[in-house]
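# The sequence and its predicted three-dimensional model are supplied below.
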Amino acid sequence: MTRLRRWLLLTGVVAGVAAVTLLFAVGLRSGSSPAASPLQGRGAPDFQLPGLDGGRHSAVRLSSLRGQVVVVNFWASWCTECHTEQTALNQTWQRFRNSGVVLVGVNFQDAAGDARAYAARAGASYPLVVDRDSRTALAYGLRGIPETFVVDRHGALVHRLIGPVTAARLAGLVTPLLGEDAR
Amino acid sequence: MAQLGQAGLLVALALAGYGAVAAFVGGRTGRPSLVESARRAGFAVLVAVAFVNAAMLVALLRNDFALRYVAENSSRETPTFFKVLSLWAADDGSLLLWNLVLAGYLTAVAWRFRHDRPTIFPYALGVMFTVQAFYLVLVNGPARPFALLAVAPPDGRGPSPLLQNHPLMAVHPPFLYLGFIGFTVPFAFGMAALLAGSRSGEWASLVRRWTLAVWCFLTVGLTLGALWSYSVLGWGGYWAWDPVENVALLPWLVATAFLHSVMLQRRRGMASLWNLTLVIGAFALTTFGTFLTRGSVLVSIHSFAQSAVGPTYLGFLTLVLVVGFGLVAWRSTTLRSPVRLDSVLSREAAIIGNNVLLLSAVGIVLVGTAFPLVVAALGGPQLTVGRPFFTGSLAPVLLLLLLLVGTAPLLAWRGTTPARALARLRLPLLSGALVMVLVAVAGSGGLRVVLGCGLVAVLLVGHVRHVAASLLATRRTGRRGAVRRRARGMAGYLVHLGLAVLAAGIIASSGFARQAEVTLATGQVRTFAGYQVRYDGMRTERQPQRTVLHTPLDVTTPSGAHERLDPRLNLYPAASEPIGSPAIDRGPVWDLYATTIALQDDGRSATVRLYHNPGVNWLWLGGLLMVAGGGLAWWPRRRRLRSASGSSLEVSPDACPEAFPARGPALVGEPR
């Protein structure tokens, strides 16, 4: 009798704990998916931003890049997650720079000196611009950095990536867009 | 530095793993040499973990931004004091401190039992090593405090602005950790008793004082947390029912229940199985709390960034729950206590009531904290459970608890006749009724406030009279030093008085607080709660790590005195919004609390929120009294009777009488 009771109690405990664990496991999984951007599929908000180096020729206007695929990456020197994706960005730029892709790094809430020093050390050779009053970040509905947006040849925002990117993921998103004809 | 730290973590993990195996095998096969070896490994773990913490500290102080943790949580401009605090300002670093505190407890246990080894000691040591090994696995894989960045940034981001705004950040987390992690010790001895199938109840005597110490630490940690919230966050309150606050409160409630019910076991041999359940429950709740707040499940101001440690915590929580409660279920038939309750009007019954109420509070807080998680897991919307739920459902529990605390210590063990109980309760109850009438006539506050004030009066009057009467009686009859010893034995009453003061603070601050939001131009005067408040214009101060906007207020108090309050807004480079620092004119009864929420026209006018808070400082006083009482109960009694051979004929400090002695002079002559 006591034996049976023991086993019954034990089974009860294990079943209860299993239920709790399952619930939390589901909770863990569902918490991490980022929300899609309402901008997706619409025209990417235009911007005209001065270059990080302050030179007259380094300013970038998004609408003047129409006809090319544009990857807009928001970053800052203090953002450690941005450092982890730096190699991937450099690789993407080297691989696609001659095939109709422009990578634009938008510096977000940073000290100019720090940003320049970081860019030099990180070997970022793609256009870098500064979003001084964070207006562009607001227009893109930035949640945090790093965040990367992919704009197709027609100026439509097609992808939003929250968090650090990998070279393979970027290549996978950019390559199909290159096949489309520029209208 | 990173390599050194990483290597230290691996060494510590290996040592902890060895210690666990050696302790369990040594205990199982009865080989003292193996247990001794495990005991020594405990000291080695402490050395290794201390070394790892030192490595991180050096990296922080040397601005080693190649380390991801340093780059994310420190910067060149961060003052040295806050650089040191950065050690525990974020998840990965705080896990290092966590390991250090845990290793400290491990070593303390190993040191405490260096001569006398209870039979369950090897298993307890093994359980502690296992827990330590888990937290070391956590920092060796899922969390990587010593991870390096591919490119070292020129400067770091600096600690979260909220955490570098007040020096209280230096003491609140360590105390909370001392409390939280300390539950490992009672858990380990409880588990050891279950593993060994020991029926002696020895474990309960062993862990009572450990639990008291841990309870004191957690009380300090919670009080400091509330003080920090009040002094820094600028919302005028001290407890937000934030998940992280809740999960720290949960083990505190369970520990309080245990410290009462353990008296049943030691005095009457009752509740043995229940006490085991409580210590396992307290530890499981601390594990649940770390999972909830660090496993990136819930969103709150305390939540650390998304991390991969969630599943690891969940696995450990599952293990603790299955093994802990599984063992309780397995041993339930043999460990159940045969002793039954003698009378409803007895101390025993009151302690059972205390446990029921405290556990109800645990249930309510747990439901409120976990509910959003459950809803989200079942595919529902994101939601949070707010203050109305907690205050609404906890208020009746707190009121009943006050009633019980106020009356129960006046009941004797085993039973009292109703006439005797009534005689003892007459004065407190009458005072309580008087206070209720007064508060009701004054017309401020609802039913809860009226009841609460009355019950606080019952508690205060009953306890003060009882303590004074027994001390006087002791002085009349006792010898030298008897009064001091007697007072020491009544430490529990001091905790209750602290609770009364704390409760008075909660009732006053939630029942009588006033607030207003005013926009003032420079030189403009507004009246609030009898105070004249004038805005004196903004002043900017540049500091290396931040810019401070001072918005000084000149306050004329109702008595005509002038005070100066200086609420500030702090601008940090890495924060998108200014962080406010409230200014508080603290008083014994009333606080005037000002926090700036917006500035217009370059600071020529300011929007300020003003609070008139009564009783908030009673909270800190109440917490202090509770800790003082806990400390007094913890303090070891003088040892005596050391035999010539040096064997342990001495009276163990753990054998000291409980905080509530059964046979005080005031209770002499009680029918038993």
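That came through, no problem. Numbers count the residues shown, from 1 in each chain, chains lettered A, B, ... in the order given.

# Contact distance from chain B - what residues of chain A qualify?
Within reach of chain B by Cβ under 8 Å from any Cβ of the partner chain, chain A has these residues: A:2, A:5-6, A:9-10, A:12-14, A:17, A:20-21, A:23-28, A:30-32, A:77-80, A:83-84, A:86-87, A:109, A:111, A:113-114, A:117-118, A:121-122, A:134. For every residue, glycine as well, the C-beta is placed using N, CA and C.

# and with 6 Å instead?
Within chain A, the positions near chain B by Cβ under 6 Å from any Cβ of the partner chain are A:2, A:6, A:9-10, A:13-14, A:17, A:21, A:23-24, A:26-28, A:77-78, A:80, A:83, A:86-87, A:114, A:117-118, A:121-122.

# Of these, grab the buried ones for PyMOL.
Buried subset of these, written as a PyMOL selection, criterion 16 or more other Cβ atoms under 10 Å in any protein chain shown:
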select buried, chain A and resi 6+9+10+13+14+17+21+23+24+26+27+28+77+78+80+83+86+114+118+122
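
# mind listing which of the residues of chain A next to chain B are in helices?
Using DSSP state H, A:2, A:6, A:9-10, A:13-14, A:17, A:21, A:23-24, A:26-28, A:80, A:83, A:86-87, A:114, A:117-118, A:121-122 are the members of the residues of chain A next to chain B that sit in helices.

# And the helix or strand hosting residue B:262, how far out from the chain middle?
With the criterion set as DSSP states H and E, the secondary-structure element containing residue B:262 is helix B:243-268. In terms of Cα atoms, centre = their mean, to the nearest Å, the centre of helix B:243-268 is found 11 Å from the chain centre.

# residues of that helix that come out buried?
B:243-268.

# and it, is it in reach of chain A?
No. Helix B:243-268 lies apart from chain A when judged by Cβ under 6 Å from any Cβ; the minimum separation is 12.7 Å.

# can I get the CA coordinates of stretch B:118-132 in CSV?
Taking Å, rounded to 0.1, in the frame of the first residue of the first chain, the C-alpha atoms of stretch B:118-132 are listed here in CSV:
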residue,chain,number,x,y,z
PRO,B,118,27.0,15.3,11.2
THR,B,119,26.2,12.1,9.5
ILE,B,120,24.5,13.9,6.6
PHE,B,121,27.4,16.3,6.1
PRO,B,122,29.0,14.5,3.1
TYR,B,123,25.7,14.5,1.2
ALA,B,124,25.1,18.2,2.0
LEU,B,125,28.6,19.0,0.8
GLY,B,126,27.9,17.0,-2.4
VAL,B,127,24.7,18.9,-3.1
MET,B,128,26.4,22.2,-2.6
PHE,B,129,29.2,21.2,-5.0
THR,B,130,26.6,20.1,-7.5
VAL,B,131,24.9,23.5,-7.4
GLN,B,132,28.2,25.2,-7.7
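
# what residues go with each domain of chain A?
For chain A, whose domains are defined here by automatic domain parsing, the residue ranges read A:1-33, A:48-179.

# Those: lowest mean pLDDT?
Across the domains of chain A, the stretch with the lowest average pLDDT is domain A:1-33; it has a mean of 77.

# Show me where chain A has its helices.
Per DSSP H, chain A has helices spanning A:2-30, A:80-96, A:112-122, A:135-139, A:167-179. These are given in chain order.

# winner for burial among the ones you listed?
helix A:80-96 (a mean of 20; mean count of other Cβ atoms under 10 Å in any protein chain shown).

# Which secondary structure elements does that one sit against?
In this structure, helix A:80-96 packs against helix A:167-179, helix B:68-73, with contacts taken as 3 or more Cβ pairs under 6 Å, 6 or more residues apart in numbering or on different chains; DSSP states H and E.
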